[in-house]
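Participant: show me how the following folds:
(one chain, ligands or ions: 2)
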Amino acid sequence: MVLDGHHPDTIARAADALAQGQLIGLPTETVYGLAADADNPNAVAQIFAAKGRPADHPLIVHVADAQGHPQGPSAAMAHYAQAVPVFAQQLIEAFWPGPLTLILPCRPGIAQAATGGQATIGLRCPAHPVAQALLQACLQRQPPIWGLAAPSANKFGRISPTTAAHVASEFGADLLVLDGGACAVGIESTIIDCTRGVPVLLRPGAITRDDIARVCGQRPLSKEELSAHTPRASGTLLAHYAPNAKVRLMGTEQLRSALQLLGREAPALAVYHRSPLTRPGPGIALRAMPHNALAAAQQLFSDLRDLDALGVPLIWVEAPPESADWEGVRDRLERAAAAG
Ligand code: TXA
Ligand code: MG
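Facilitator: Ligands and ions are numbered 1, 2, ... in the order given. As a prediction, the model looks like this:
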């Protein structure tokens, strides 16, 4: 059932449900999460079962804001992480609460179900007021719930949800979903691995490489640059974010000439375009991608869902620009295309 997440009664009810080991749908500024008490192995196991997610894909743990301790990690941070490097601390001060996940050394024996038994843990302090209200309410319980393990609230490999209705449609009416409105960022958090001595970009997002470089004085390496064994990362699998339709990424000229070739006998298909186009035939649905990278990220998953809901077998997508601010959107579209 979907309830107004801004209402204090809803927050109390959600905290109770989490304390009882249940799952809830949680709004964040990036995408909606499917959340459970990160220290309750049975509850975390339910996330994997509900999503159909392989058990060796670790989950991000969400923690409350440091409230009055801007210079140091919060109590919740200290519960999960140890040996936080200086550059990670700089990133926390600059970007938390916000759409940035840090992979840090995990305190031994903590949240093993969420980390998949690894020695590292992904931590994120979300900026969404409903997420923060719930995390604070969780911390205040006796015993405290230190953090919430929450992957995106979609079935494994499918499009991530950016509204409460997306979550309800995927998991049914039994799940308590806190409605926090449409997500402002729209694509998942940037992930930086802080366990390699230097920052390593595992997943691009709204916080760009340039933002990271500005704050820690060093440009993050890509996974390719760091060829050492990185843990499996489902948000980083090549084929992911798959609509039912086959997605094809095309350059502007390639798209124009392909549409011209189709002519009026065109089969049903949807086109997600950036440059102005004229519709060649009646079977073709057009949807314009916003021109600004942040606006495009905000709309991306919702637009893909809408286009997919048309039931077309094909979605042609005009490739976004190559610049750094578009890296997150490009990455999601490339992986949606790889899934076909
Ligand atoms: O924006 C987000 O990050 C959203 C919202 C709900 O906060 N969450 C999200 O979670 O995208 P999920 O589970 O869909 O993506 C988690 C990503 C995966 O790629 C996972 O492998 C990586 O984080 N990850 C988590 N813990 C890790 C670890 N210890 N080492 C390496 N990667 C890790
Ligand atoms: Mg996901």
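Participant: contact partners for the closest residue to ligand 2 within the stretch 51-200 of the chain?
Facilitator: In the stretch 51-200 of the chain, the residue found nearest to ligand 2 is Ser152; the distance is 3.4 Å by Cβ to the ion. For every residue, glycine as well, the C-beta is placed using N, CA and C. Ser152 makes contact with Val31, Tyr32, Gly33, Leu34, Ser160, Pro161, Glu188, Gly235 under the criterion Cβ atoms under 8 Å, 6 or more residues apart in numbering.
Participant: 10 Å instead, please
Facilitator: Residues in contact with Ser152 (Cβ atoms under 10 Å, 6 or more residues apart in numbering) are 28, 30-34, 51, 60, 158-162, 167, 187-188, 234-235, 241, 301.
Participant: show me those that map onto helices.
Facilitator: Within those, residues falling in helices by DSSP state H are Lys51, Val167, Phe301.
Participant: would you reformat these as TSV and include distance to ligand 1?
Facilitator: Below are the ones in helices among the contacts of Ser152 laid out as TSV (distance: Cβ to the nearest ligand atom, whole Å):
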residue	distance to ligand 1
Lys51	8
Val167	11
Phe301	11
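Participant: of the residues you listed, closest to Arg214?
Facilitator: Phe301 (27.6 Å; Cβ to Cβ).
Participant: ligand 2 versus the closest one, what's the distance?
Facilitator: Distance from Phe301 to ligand 2, counting by Cβ to the ion, to the nearest Å: 10 Å.
Participant: could you check how far that residue is from Tyr32?
Facilitator: 10 Å (Cβ to Cβ, to the nearest Å).
Participant: any of the contacts of Ser152 buried? List them.
Facilitator: The neighbour count (16 or more other Cβ atoms under 10 Å) marks 28, 30-34, 51, 60, 158-162, 167, 187-188, 234-235, 241, 301 as buried among these.
Participant: please list the residues of the stretch 51-200 of the chain that sit near ligand 1.
Facilitator: Selection of the stretch 51-200 of the chain residues close to ligand 1 by Cβ under 6 Å from any ligand atom yields 57-60, 101, 103, 115, 118, 120-122, 124, 126, 150-152, 188-189, 191.
Participant: what about 5 Å?
Facilitator: By Cβ under 5 Å from any ligand atom, the residues of the stretch 51-200 of the chain that approach ligand 1 are Pro58, Ile60, Ile103, Thr120, Gly122, Ala150, Pro151, Ser152, Glu188, Ser189.
Participant: let's have those residues in a markdown table, adding pLDDT.
Facilitator: Below are these laid out as a markdown table (pLDDT from 0 to 100):
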| residue | pLDDT |
| --- | --- |
| Pro58 | 95 |
| Ile60 | 98 |
| Ile103 | 97 |
| Thr120 | 96 |
| Gly122 | 98 |
| Ala150 | 98 |
| Pro151 | 97 |
| Ser152 | 97 |
| Glu188 | 97 |
| Ser189 | 98 |
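Participant: just those residues: which are in helices?
Facilitator: Judged by DSSP H, helices contain none of those.
Participant: identify the residues contacting the closest residue to Arg203 other than its chain neighbours.
Facilitator: Once flanking residues are discounted, Arg203 sits nearest to Ile191: 4.1 Å by Cβ to Cβ, 6 or more residues apart in numbering. Residues near Ile191 by Cβ under 10 Å, 6+ apart: 60, 100-103, 122, 124, 200-205, 207, 233, 235-236.
Participant: what's the answer for Leu104, then?
Facilitator: Taking Cβ under 10 Å, 6+ apart, one finds 73, 77, 80-85, 88, 92, 120-123, 192-195 in contact with Leu104.
Participant: also Thr28?
Facilitator: Residues near Thr28 by Cβ under 10 Å, 6+ apart: 35, 60, 62, 97, 99, 124, 126-128, 130-132, 150, 152-153, 180, 183-185, 188-189.
Participant: thinking again about what came up before, filter the residues of the stretch 51-200 of the chain next to ligand 1 down to the buried ones.
Facilitator: Pro58, Ile60, Ile103, Thr120, Gly122, Ala150, Pro151, Ser152, Glu188, Ser189.
Participant: which pair of those residues spans the longest distance?
Facilitator: Farthest pair in those, by Cβ to Cβ: Thr120 and Ser152, 19.7 Å.
Participant: do I have it right that His6 meets Ala133?
Facilitator: Yes. Using Cβ atoms under 10 Å, His6 is in contact with Ala133, at 8.0 Å.
Participant: overlap of the contact sets of those two?
Facilitator: Leu178, Gly180.
Participant: more neighbours: which of the two?
Facilitator: Legend: neighbour count by other Cβ atoms under 10 Å for His6 and Ala133, higher for Ala133 (21 against 15).
Participant: sort out which residues of whichever strand or helix holds the more buried one are buried, please.
Facilitator: Per DSSP states H and E, Ala133 falls inside helix 129-140. Across helix 129-140, burial judged by 16+ other Cβ under 10 Å covers Val130, Ala131, Gln132, Ala133, Leu134, Leu135, Ala137, Cys138, Leu139.
Participant: I'd say the fourth one and Asp9 touch.
Facilitator: Going back to what we said before, that points to Ala133. No. Using Cβ under 10 Å as the test, Ala133 is too far from Asp9 to be in contact (11.7 Å).
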